[in-house]
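Undergrad: Coordinates only, no sequence provided:
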């Protein structure tokens, strides 16, 4: 008689079962990635990258293709080592990887990069869906197939930073603090904007006194950032610091409100010599407002709400506001406030700006001026985008001040993506500082930080 033996299932079947609900979203993200590639058809297959205003009038411009020559990758030069690069080291690593596979072909370099960005979009959509929770996973459709994402997906390398940032916040939500720090640091080393999320984590840590998880994440992030940056600094410090020098030295550029102020000569706001100071001061004021809100709100804000507000403040006060920056904000705007009305209005404004910027650049080329637009329609689209984001920020602030209106919390959850903040008690609020109560939990700063 034979005896049938069974072996317990390994981790893969369990993982596959957990991922199955997210497969449709991954497929739809893949569809979005393909549509974004097809949108570049006149450039990729039609050759309009290589002459005149065609890349603008066909709305298929990308930084990736021309930078293959501008950064001397076509000559086999290694980023930072042989030539300074105006991007953080994460993008430099992606450039080098794609360069090695491209074999000196600029179009192949673009294709390899697009494949990496497409994978980043799919991964980012799945991460966003998991962060949103099972009841709201379909909110990730905004990131998978929204028109603004499809139009801007392959202008630059932003999708890679998005996947890393969302992965870091997902690790935080799963209470994997060291992994959260590693992924968030890699995101910052790819694009600078995820640095804003550490501020959101810090504010909620102050309110809840969950210091140990935050310190683990911060330590892992600092170590990881140094690990990927110091070797490049040691090899060629001048090449490494190019990104930071460029960011400091650049003036007001396309899309930024400062560009409008200078174009219209709006008094001190148009002073190019004071631009850095004014931009940093404006950001500081907005972030201070976010901090006051985080500590004064009647109920602890959700992590996604503070991430969105900090990131939107960073974008509004930045010296440049490129079309692809919409990729930064989409996941966090939706996670912060998954209501259709304001999101649709904002997406329309983003698409309007996308088409306007390319026509505006066309209009600035004398031989193609009749095909483009001038200052007034361009600046209208720029302000429409900024105003719709400000409206979104105001609505998120209103949800924080009136938590019973929060679409996420109406389903009975607290902060599904908050990790240790989910369900945590307040330990320090502005109200507790103004009106201290002896023995009240709000002032119990010596409680278990875990």
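TA: Perfect, I can see it now. Here the structure is a predicted model, which is why all the values come from computation and not from measurement.
Undergrad: Now do the closest residue to residue 40 other than its chain neighbours against residue 49, distance only.
TA: Residue nearest to residue 40 in three dimensions, not counting chain neighbours: residue 60, with 4.5 Å by C-beta to C-beta, 6 or more residues apart in numbering. (C-beta placed from N, C-alpha, C; glycine too.) Residue 60 sits 8 Å away from residue 49, going by C-beta to C-beta, to the nearest Å.
Undergrad: ok, these two, which is more surrounded?
TA: Using other C-beta atoms under 10 Å as the criterion, residue 60 and residue 49 rank with residue 60 on top: 23 against 20.
Undergrad: Contact partners for residue 228?
TA: 89, 90, 185, 186, 189 (C-beta atoms under 8 Å, 6 or more residues apart in numbering).
Undergrad: Looks to me like the residue nearest to residue 40 is in a helix.
TA: No - in this structure, residue 60 is coil, not part of a helix, as judged by DSSP: H, G, I helix; E, B strand; the rest coil.
Undergrad: how much space between residue 28 and residue 394?
TA: 30 Å.
Undergrad: which of the two has more neighbours?
TA: The residue with more neighbours, out of residue 28 and residue 394, is residue 28; 18 against 11, by other C-beta under 10 Å.
Undergrad: buried set for the helix or strand containing that one?
TA: Using DSSP states H and E, residue 28 sits within helix 23-39. In terms of neighbour count (16 or more other C-beta atoms under 10 Å), helix 23-39 has its buried residues at 25, 26, 28, 29, 30, 32, 33, 36, 37, 39.
Undergrad: And the contacts of it?
TA: In contact with helix 23-39 (C-beta under 8 Å, 6+ apart) are residues 44, 59-60, 114, 117-118, 121-122, 124-126, 129, 137-138, 140-141, 143-146, 149-151, 153-154.
Undergrad: Which of the residues you listed fall in helices?
TA: In this view, the contacts of helix 23-39 that belong to helices under DSSP state H are 44, 114, 117-118, 121-122, 124-126, 129, 141, 143-145, 149-151.
Undergrad: Just give me the residue right at the centre of the protein.
TA: In the chain, the centroid-proximal residue (C-alpha atoms, centre = their mean) is residue 328; its distance is 2.6 Å.
Undergrad: Skipping its backbone neighbours, what lies nearest that one in space?
TA: In space, residue 328 is closest to residue 193, 5.4 Å off (C-beta to C-beta, 6+ apart).
Undergrad: right, and the one you found touches residue 313 too?
TA: No - using C-beta atoms under 8 Å, residue 193 is not in contact with residue 313, being 10.8 Å away.
Undergrad: on that earlier part again, out of the contacts of residue 228, the closest to residue 223 would be?
TA: residue 185 (7.8 Å; C-beta to C-beta).
Undergrad: Let me see the contact set for that closest one.
TA: 220, 221, 222, 223, 224, 225, 228.
Undergrad: which of the residues in the helix or strand encompassing the fourth one are buried?
TA: Residue 223 is part of helix 211-235 when elements are defined by DSSP H and E. Of the residues in helix 211-235, those with enough neighbours to count as buried (16+ other C-beta under 10 Å) are 213, 214, 216, 217, 218, 220, 221, 224, 225, 228, 229, 232.
Undergrad: Likewise for stretch 411-423?
TA: Applying 16+ other C-beta under 10 Å to stretch 411-423 flags 413, 415, 416, 417, 418, 419, 420, 421, 422 as buried.
Undergrad: Now tabulate those in a markdown table and tack on pLDDT.
TA: Shown next, in a markdown table, are the buried residues of stretch 411-423 (pLDDT from 0 to 100):
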| residue | pLDDT |
| --- | --- |
| 413 | 87 |
| 415 | 94 |
| 416 | 91 |
| 417 | 92 |
| 418 | 96 |
| 419 | 96 |
| 420 | 97 |
| 421 | 97 |
| 422 | 95 |
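Undergrad: okay, those residues in a markdown table with distance to residue 96 and secondary structure next?
TA: Formatted as a markdown table, those follow (distance: C-beta to C-beta, whole Å; DSSP: H, G, I helix; E, B strand; the rest coil):
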| residue | distance to residue 96 | secondary structure |
| --- | --- | --- |
| 413 | 43 | coil |
| 415 | 39 | coil |
| 416 | 38 | coil |
| 417 | 33 | coil |
| 418 | 37 | coil |
| 419 | 34 | helix |
| 420 | 37 | helix |
| 421 | 38 | helix |
| 422 | 40 | coil |
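Undergrad: Please produce TSV containing those, extended by distance to residue 266.
TA: Formatted as TSV, the buried residues of stretch 411-423 follow (distance: C-beta to C-beta, whole Å):
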residue	distance to residue 266
413	45
415	40
416	43
417	39
418	40
419	43
420	45
421	41
422	45
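Undergrad: now for those, which pair is the farthest apart?
TA: Top of the distance list for those (C-beta to C-beta): 413 and 420, 15.3 Å.
Undergrad: Kindly tell me how buried residue 320 is, as a neighbour count.
TA: 16.
Undergrad: Can you read off the backbone torsions of the closest residue to it other than its chain neighbours?
TA: If the residues on either side of it in the chain are set aside, residue 320 comes closest to residue 253, at 3.7 Å by C-beta to C-beta, 6+ apart. Here is the backbone geometry of residue 253 (degrees, to the nearest 10): phi -130, psi 180.
Undergrad: count of neighbours near residue 253?
TA: 13.
Undergrad: Could you measure from it over to residue 59?
TA: Taken as C-beta to C-beta, the span from residue 253 to residue 59 is 20 Å.
Undergrad: how far out from the middle of the chain is stretch 364-377?
TA: In terms of C-alpha atoms, centre = their mean, to the nearest Å, the centre of stretch 364-377 is set 31 Å apart from its chain centre.
Undergrad: outside of it, which residues touch it?
TA: 52, 53, 56, 57, 263, 356, 359, 360, 361, 362, 363.
Undergrad: buried residues in stretch 53-72?
TA: Buried-residue list, stretch 53-72, by 16+ other C-beta under 10 Å: 53-62, 64-65, 67-68, 71-72.
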